[in-house]
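*Asks:* here is a sequence with its predicted model. Questions after.
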Amino acid sequence: MAHGHTVKRYSGLMDWLTTVDHKKIGILYLIAGGFFFLVGGLEAILIRLQLWKPLNDFVSPDTYNELLTMHGTTMIFLAAMPLLFALMNAIVPLQIGARDVAFPFVNALGFWTFFFGGVLLNVSWFAGGAPDAGWTSYVPLATNTYSQNHGVDFYVLGLQIAGIGTLVGGINFLVTIINMRAPGMSFMRMPMFTWTAFITSALILFAFPALTVGLVALMFDRLFSANFFEVSNGGNAVLWEHIFWIFGHPEVYILILPAFGIISEVISTFSRKRLFGYSSMVFATVLIGFLGFMVWAHHMFTAGLGPIANALFSIATMLIAVPTGIKIFNWLFTMWGGSIRFTTANLFAIGFVPTFVMGGVTGVMLAAAPADFQYHDSYFVVAHFHYVIVGGLVLGIFSGLHYWWPKMFGRMLSEGLGKLTFWTFYIGFHMTFFLQHFLGLLGMPRRVYTYQDGLDFNLMNLISTIGAILMGIGTIFFLINIVVTSVKPKNAPADPWEDGRTLEWAIPSPAPEYNFLQTPLVRGYDALWKEKMDGNKGMTPAEPIGPIHMPSPSILPFVMSVGLFITGFGLMYSKYIIAGAGLLITFACMFLRSIFDDHGFHIEPEELKDKGVKA
Amino acid sequence: MSAHSHVDGQLPHEPEKATLEGRNKVLGFWLFLGGETVLFGTLFAAYLALRNQVGDGNPTSQELFDLVLVGVATFILLTSSLTSVFAIQAMHKNQVKSMLIWLAVTVLLGLGFLGLEIYEFVHYVHEGHGFTTSAFSSSFYTLVGFHGGHVAFGVIWITILIFQVLKKGLNVVTAPKIYVAGMYWHFIDVVWVFIFTVVYLMGKVG
Amino acid sequence: MMNRWHVVKRLLPLLAMMSLLLSACGREDLSTLNPQGPVAEQQFGLMKLSISIMVLVVVIVFAIAIYVLIRFRRRPGDNKIPEQVEGNHKLEIIWTVIPLVLLVILGVPTIQTVFGLAKDYSNDENAIQIKVTAHQYWWEFEYPDFGVKTAQEMIIPANTTISIEAKSADVIHSFWIPALAGKIDTNPGGNVNRMFFEANKPGVYYGKCAELCGPSHAYMDFKVKAVDEASFKRWVTAMKAPAQLPADPAIAEKFVNECLTCHAIGDKGGTLYPNLTGMGDRVSVAGFLMNTDDPLYKNEGSVYDNLKRWITDPQEVKPGNHMPKVKLTEQEIDAISKYLSEQKLDY
């Protein structure tokens, strides 16, 4: 059966460019997403420096609009999503007891298209101006009548390419979770993080194609003089808002659901207690995902949709509070009666709960359409979504990174530096955004380059700026922590927190290439915890030790993405030969992938035993 | 697990689902088609929102559309869906030659459809209905053109698969590919049924 | 549902506290928390109700969280395994039903207000009809019933319903007077939106553009000036009075050739760009340069100084706006600024 295919195995840079190992792809997502997070964070600091005093002229209004657009776009598409994908890649296959993902090649393709899409978007800074119409890119401001440089072209093409990556990544996770679970790992035994990754992937699948169409329409308008949004030729500006938010609202849940999953895992582990109300948690997750598609027009209450639409979308939006509330109370009651350990990961998770509640309640406030006429597009909204996205998602990511770092890298992050990160970031966060609620209520619109003096806005803006700098310092502490940790010995045990409950803690840290020497047999929810409580040393294997089949590395995903990157450039500057050449590269790779079968290679039992001893 | 060296005749009844890779591929493709449904759904929504924005002096959908031509195109595409079913049936019976013939017929019918569509578009442009004429024309060409692009991709894809099977034979690696290509072909056929109804019939009626 | 009113009663003291806390918050002419008209008051009422409910929720969650964190922290050496609780149906039902009840309490007035604020006054004879057209980066206000058009400053009679028809001449903007009413987007292409509002008493209220519309979005302010009924009538008459050109014929010629090609003053000039009638007693120049005789801040100055600053370099004040640097000598700019600053309406 096992042919001795001598598949070339690369090392060094080539290894990273060709890898199809989900754990390495997770690390790639972490590096790229982390890089873009720093870029987006820098943009945020520049925004806050411009606003620290009234009538400031630290940056020009044009630059300011570029900064706010790129900050939003970068943080949502190039930082938050990839960082979640990093954790999903690194952990989900381990949590379901799988050796690999369903489509390792496609997984690599997803990373590289995201990466080159993000690079394309950021090249705009050096190619005549970044996009400046906001991350929502409302038309007609984003059409070439009003935005004449190439900025928005970079937005359209960069996001289109990055979006392909996200979409195929989502399909990969769906199939992985449906088809690749270990024996006994039924759906209702899956860890909460895997559940949220599953629902998020489903949302990606059904939300991103809408964005694809919107971006295609905007691209056709800008590059080929189509009339989707060209009002003088019958186009419709509100149509863009609908398409964008039909994608955009589910996108918010795409971001927050995995954070819910992380929090569930971390709180449960460090309370040494089973997740309270697991089945209602699953139900709430599914319900949030479902309702997420029904509420997009609450971003458009002031667009003039009429009272019936506004009333319906108000009520639908409020309903989301119910499943979210269920989650909050389930977390609190997971800790109730537990034995809570305040590790850095758990500090972030505990900090998440009240912060997210604050973001959630302002969400319900915003859902009341007539009151939203006052909140809409004011700093109140800015405060609200930062409470949800930073206070929710980013705290969740930090929590997850501290929690799973040993599983990803085999080293424990420093707890001291971790706690320093938490407190600076957390205090900085509330300083930055809490007062922004009031700025909005007192009449300050969002996305303003500056504000008048003498309107009572000065002090709150100053405090907000100081908070933003504190958040920056918190992030720097985290970077220092990474550097300090990376020189320490790789000695994290399999279950470094000692209270690990799920399958990823049953295998060595970092996880070996093949994840599980023997596929485990899952006998209940919290599979590893169950074995521990039954007095077993580890998981019961579901198979004898045998050769393990692995997929071959491939450079094609990288080259395909380079092709798309070239196509993007060609289209933008109307060099259709270049665009065609880029597409040709991509299609040629697809052709090669189709005609040459990937036989993969096998890791033989003897090889495994050597490693097994070491582990 | 081994993905090769099956002798013809030893193939399981549903070779596309014989391996985990095959099952993954089929499931993944179903999901992909789910995403494609949203894609076309959004294109339809944009078209419906803009289809009455014809602009002064430009030809309307009633003046443009020729149901006979579109009817022939529809017939061709529906037939090709049937021939692709025959191909999959032949695959399940392990009749490789018959499968290849039916796939080739499917490709030819797809080419015929594309030829008619190109003829149709050229004709419209002569009538003054260009891509940039109005919001109606832009959304029309985008929706119908996206579908046409999918047909063209399918034609090339199935052609490549025919050559692959000729070279490698039908086995548990090639079978899932043919099966998902068949799924794809049905999908673009269903989309066309909607285009025929929403774009052409409703456009003709007004 | 049975104890719905009970819950409301419990909320009442909280509501009263919130009202005290929030009102008197912020400037009378700008803050949504200090409403000066019935529309903003209704919206503020809903805000108070929702804030009260939400504060209640936040307080409960915080209380449980703090209790849990203190009570159940792991003490050193504590190695016991807590009881593994799967869940509790009674509790789970409670925290599903209570939020639902709270949402009903918030949802009912929300829907009532949605429909209340959607009332159409466009055919109401007692309402003043105003057509608002947003431009990059200024506001045009047309009073079709009076045949008057002005810019940047909307003059309205107090205690009268103002019925707005809003649209945009270019990109999407959003029309917002925080102290009087929430915002409505101005869409391009004949997609007209309606709203209404009313001011309880005379005064000047800040208006803002709330939708990103380009580099000078932040500067796209306007003012709403509420006056009494009689003043409003005098204002309409004054707006229609024939314009007096500058006394110096050379300046007058320059003014007609360089300014009135785009701008109107009284019965003269073009209508494409902001109307200049009565510049002398406007609250601001270009929406953002506040007119005052004792300037404190960078954006304040006398009417004359502000006009001069604006005409000298419009792009410095509002980057990306359509007004070019007009070919005028410094003396001519002085003279035209002086002339405009003296254009005061008697109302």
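*Replies:* Sure, I can see it.

*Asks:* the residue of the stretch 401-550 of chain A found nearest chain B is in what secondary structure piece?
*Replies:* Residue nearest to chain B within the stretch 401-550 of chain A (Cβ to the nearest Cβ): A:His549, separated by 5.7 Å. Just so you know, the C-beta spots here come from the backbone N, C-alpha and C atoms, and that holds for glycine as well. Taking DSSP states H and E as the criterion, A:His549 maps to strand A:548-550.

*Asks:* C-terminal to that strand, what's the next element?
*Replies:* Using DSSP H and E, the next helix or strand after strand A:548-550 towards the C-terminus is helix A:556-572.

*Asks:* what residues does A:Gly416 make contact with?
*Replies:* The contact partners of A:Gly416, taken as Cβ atoms under 8 Å, 6 or more residues apart in numbering or on different chains, number zero.

*Asks:* return the set of buried residues in whatever helix or strand B:Leu143 lives in.
*Replies:* Counting by DSSP H and E, the element that carries B:Leu143 is helix B:135-168. In terms of neighbour count (16 or more other Cβ atoms under 10 Å in any protein chain shown), helix B:135-168 has its buried residues at B:135-144, B:146-148, B:150-151, B:154-155, B:157-158, B:160-162, B:164-165.

*Asks:* mean confidence score for the following helix or strand past that helix?
*Replies:* Elements were assigned by DSSP H and E; along the chain past helix B:135-168, the next helix or strand is helix B:174-194. Across helix B:174-194, the average pLDDT comes to 96.

*Asks:* tell me the angle of helix B:174-194 relative to helix B:135-168?
*Replies:* Computed by axes from the mean of the first three to the mean of the last three Cα atoms, to 10 degrees, the angle separating helix B:174-194 from helix B:135-168 equals 160 degrees.

*Asks:* in the next helix or strand after helix B:174-194, what's buried?
*Replies:* Heading C-terminal from helix B:174-194, the first helix or strand you meet, by DSSP H and E, is helix B:202-205. Under the neighbour-count criterion of 16+ other Cβ under 10 Å, helix B:202-205 has B:Gly203 buried.

*Asks:* for helix B:202-205, what is the distance to the chain centroid?
*Replies:* 23 Å (Cα atoms, centre = their mean, to the nearest Å).

*Asks:* who does the residue of the stretch 401-550 of chain A closest to chain B bridge with?
*Replies:* A:His602 (DSSP bridges).

*Asks:* buried ones in the strand holding A:His549?
*Replies:* In terms of neighbour count (16+ other Cβ under 10 Å), strand A:548-550 has its buried residues at A:Ile548, A:His549, A:Met550.

*Asks:* same check, this time on stretch B:107-123
*Replies:* Residues B:Val107, B:Leu109, B:Gly110, B:Leu111, B:Gly112, B:Phe113, B:Leu114, B:Leu116, B:Glu117, B:Glu120, B:Phe121 are the ones in stretch B:107-123 that count as buried (16+ other Cβ under 10 Å).

*Asks:* from chain C, which residue is nearest to chain A?
*Replies:* Residue nearest to chain A within chain C: C:Gly182 (2.3 Å; Cβ to the nearest Cβ).

*Asks:* report pLDDT for A:Ser414.
*Replies:* In this prediction A:Ser414 is given a pLDDT of 96.

*Asks:* for A:Phe398, see how far away the spatially closest residue to it that is not a sequence neighbour is.
*Replies:* Leaving aside its sequence neighbours, A:Ser414 sits nearest to A:Asn481 (Cβ to Cβ, 6 or more residues apart in numbering or on different chains; 5.3 Å). When Cβ to Cβ, to the nearest Å is the yardstick, A:Asn481 and A:Phe398 sit 11 Å from each other.

*Asks:* common neighbours of those two, please.
*Replies:* Joint contacts of A:Asn481 and A:Phe398 (Cβ under 8 Å, 6+ apart) are A:Thr421.

*Asks:* more neighbours: these two, which one.
*Replies:* Set side by side, A:Asn481 and A:Phe398 show more neighbours around A:Phe398, with 27 against 22, by other Cβ atoms under 10 Å in any protein chain shown.

*Asks:* OK, contacts around the more buried one?
*Replies:* Contacts of A:Phe398 by Cβ under 8 Å, 6+ apart are A:Phe348, A:Thr421, A:Phe422, A:Phe425, A:Phe478.

*Asks:* try 7 Å
*Replies:* Each residue near A:Phe398 by Cβ atoms under 7 Å, 6 or more residues apart in numbering or on different chains is listed here: A:Phe348.

*Asks:* part of a helix, is it?
*Replies:* Yes - under DSSP: H, G, I helix; E, B strand; the rest coil, A:Phe398 sits within a helix.

*Asks:* any idea how far the nearest residue to A:Arg181 once chain neighbours are set aside is from A:Pro191?
*Replies:* Distances taken as Cβ to Cβ, 6+ apart place A:Ile96 nearest to A:Arg181, at 4.5 Å, with adjacent residues excluded. From A:Ile96 across to A:Pro191, the span is 8 Å (Cβ to Cβ).

*Asks:* and C:Ile130, what are its phi and psi?
*Replies:* When read as degrees, to the nearest 10, the backbone of C:Ile130 gives phi -130, psi 130.

*Asks:* and it, what are its bridge partners?
*Replies:* The partner residues for C:Ile130, given DSSP bridges, come to C:Ile164.

*Asks:* need the contact list for it.
*Replies:* Neighbour list for C:Ile130: C:Phe141, C:Glu142, C:Tyr143, C:Met154, C:Ile162, C:Ile164 [criterion: Cβ under 7 Å, 6+ apart].

*Asks:* list the contacts of the fourth one.
*Replies:* What it means is C:Met154. C:Ile130, C:Phe141, C:Phe222, C:Val224, C:Lys225.

*Asks:* just put the residues you listed in TSV and tack on pLDDT and distance to A:Phe58.
*Replies:* Converted to TSV, the contacts of C:Met154 look like this (pLDDT from 0 to 100; distance: Cβ to Cβ, whole Å):
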residue	pLDDT	distance to A:Phe58
C:Ile130	97	38
C:Phe141	96	34
C:Phe222	96	26
C:Val224	96	32
C:Lys225	96	34
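
*Asks:* make sure C:Gly182 is indeed in a strand.
*Replies:* Yes - counting by three-state DSSP, C:Gly182 is found in a strand.

*Asks:* can you read off the pLDDT for the closest residue to it other than its chain neighbours?
*Replies:* Nearest-residue entry for C:Gly182: A:Phe373, 2.3 Å, with adjacent residues in sequence omitted and distances by Cβ to Cβ, 6+ apart. pLDDT, A:Phe373: 96.

*Asks:* what helices or strands is the helix or strand where A:Phe373 lies leaning on?
*Replies:* For A:Phe373, the element it lies in under DSSP H and E is helix A:369-375. Judged by 3 or more Cβ pairs under 7 Å, 6 or more residues apart in numbering or on different chains; DSSP states H and E, the packing partners of helix A:369-375 are helix A:344-367, helix C:38-71, helix C:89-117, strand C:181-186.

*Asks:* ok, now with 10 Å
*Replies:* Secondary-structure packing of helix A:369-375 (3 or more Cβ pairs under 10 Å, 6 or more residues apart in numbering or on different chains; DSSP states H and E): helix A:307-319, helix A:344-367, helix A:379-388, helix A:415-441, helix C:38-71, helix C:89-117, strand C:173-177, strand C:181-186.

*Asks:* give me the number of residues near the spatially closest residue to A:Pro307 that is not a sequence neighbour?
*Replies:* Excluding the flanking residues, the one nearest A:Pro307 by Cβ to Cβ, 6+ apart is C:Ala118, at 3.7 Å. By other Cβ under 10 Å, 17 other residues sit near C:Ala118.
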